[in-house]
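> Output the structure for:
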Amino acid sequence: MIYIVVLAYNEASGIAALLTELASELGRQPGAYRFLVVDDGSTDGTLDAVRLVEGGLPVTVLRHYENQGVGAAFNTGLRHAAEVAQDGDVIVTIEGDRTNRANIIPEMLRELDRNIDVVCASRYIPGGAYVGFPLTRRILSWGANWVMRVFYRVPGVKDYTIFYRAYRARVLKKAIAAYQERFIESRGFTANAEILFKAASIQSLHCSEVAMVYRYDLKKGRSKMRILKNLYEYGVLFLKFLGARTQERPRTRGE
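Reported below is the predicted structural model:
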């Protein structure tokens, strides 16, 4: 079973097209799939757009009645997915704005079949690129990823900030069991890096990447990222994990 956690906040203009594109790719893959759409307090009709395609697609909506931020959306979606998934199932995370391309999901799933635990879409390997991405955002993304590659390296990963990933469910289930309520403490966009760091801190992960062209030009809604706030949150995250290196890792149940 493949569970696709779709994070959405005011994505009415693109989310139906994204779900349709993903369904077209997943329909050619073996096994069943289900979309878990986390509507993080949208006010623009995102939920109505999902309802338009819900009748023809396997969709579960997980709704926040008020906007709680990226960290809370990840927390809701991943905890639900981990609860319903079996260890060998797949959990995919993706933004709901069509910037992440559906056409690479078959390759991501093939990578998992090679005994890979986590597959990241990547803008930083050959074949990966940006289209229409603002220069300030490129600089922030490049800088954050450089720091993580140098100081917090997870083998096999170059793109730590992309939301588009495929996990073996057991990886997330183990991380949630180890960290429990502290699994995701970041409120903003840094939550995505935090998830990977924490998963890697309590188990040996085999990770790989699939090249992706990040199509920011297809984004219809306004960006929710605030650059100064994001810089502050990355600073907090870096300091937290730098300090954590001197402490004992959390114990998983049964250790």
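
> Helices of the protein, start to end?
15-26, 46-54, 70-84, 105-112, 135-151, 169-179, 191-201, 227-244 (DSSP state H).

> Check which helices and strands the fifth one sits against.
In other words, helix 135-151. Judged by 3 or more Cβ pairs under 8 Å, 6 or more residues apart in numbering; DSSP states H and E, the packing partners of helix 135-151 are helix 227-244. C-beta here means a position set from N, CA and C on the backbone, and glycine is covered the same way.

> repeat that for 10 Å
strand 129-131, helix 191-201, helix 227-244 (3 or more Cβ pairs under 10 Å, 6 or more residues apart in numbering; DSSP states H and E).

> and the shortest one, which strands flank it?
Put plainly, it is strand 129-131. Neighbouring strands of strand 129-131 in its sheet, by DSSP bridges, are strand 213-215 (parallel).

> If you average the pLDDT over the partner strand, what comes out?
Mean per-residue pLDDT for strand 213-215: 93.

> contact partners of that strand?
Contact partners of strand 213-215, identified using Cβ atoms under 10 Å, 6 or more residues apart in numbering, comprise 97-101, 103-104, 121-123, 127-133, 138, 141, 159, 162, 164.

> List the contacts of Leu7.
36-40, 70, 73-74, 76-77, 93-97, 163, 191-192.

> shaky segments in this protein?
220-232, 234-239, 241-255 (pLDDT under 70).

> Go again with 80.
219-255 (pLDDT under 80).

> just to revisit the earlier point, out of the helices of the chain, which comes closest to Val5?
helix 70-84 (3.7 Å; Cβ to Cβ).

> Was I right to think Phe197 contacts Glu185?
No. With contacts counted by Cβ atoms under 10 Å, Phe197 stays clear of Glu185, the gap being 11.2 Å.

> Looking at those two, which one has more neighbours?
Phe197 (19 against 16; other Cβ atoms under 10 Å).

> The more buried one and Pro30, how far apart?
32 Å (Cβ to Cβ, to the nearest Å).
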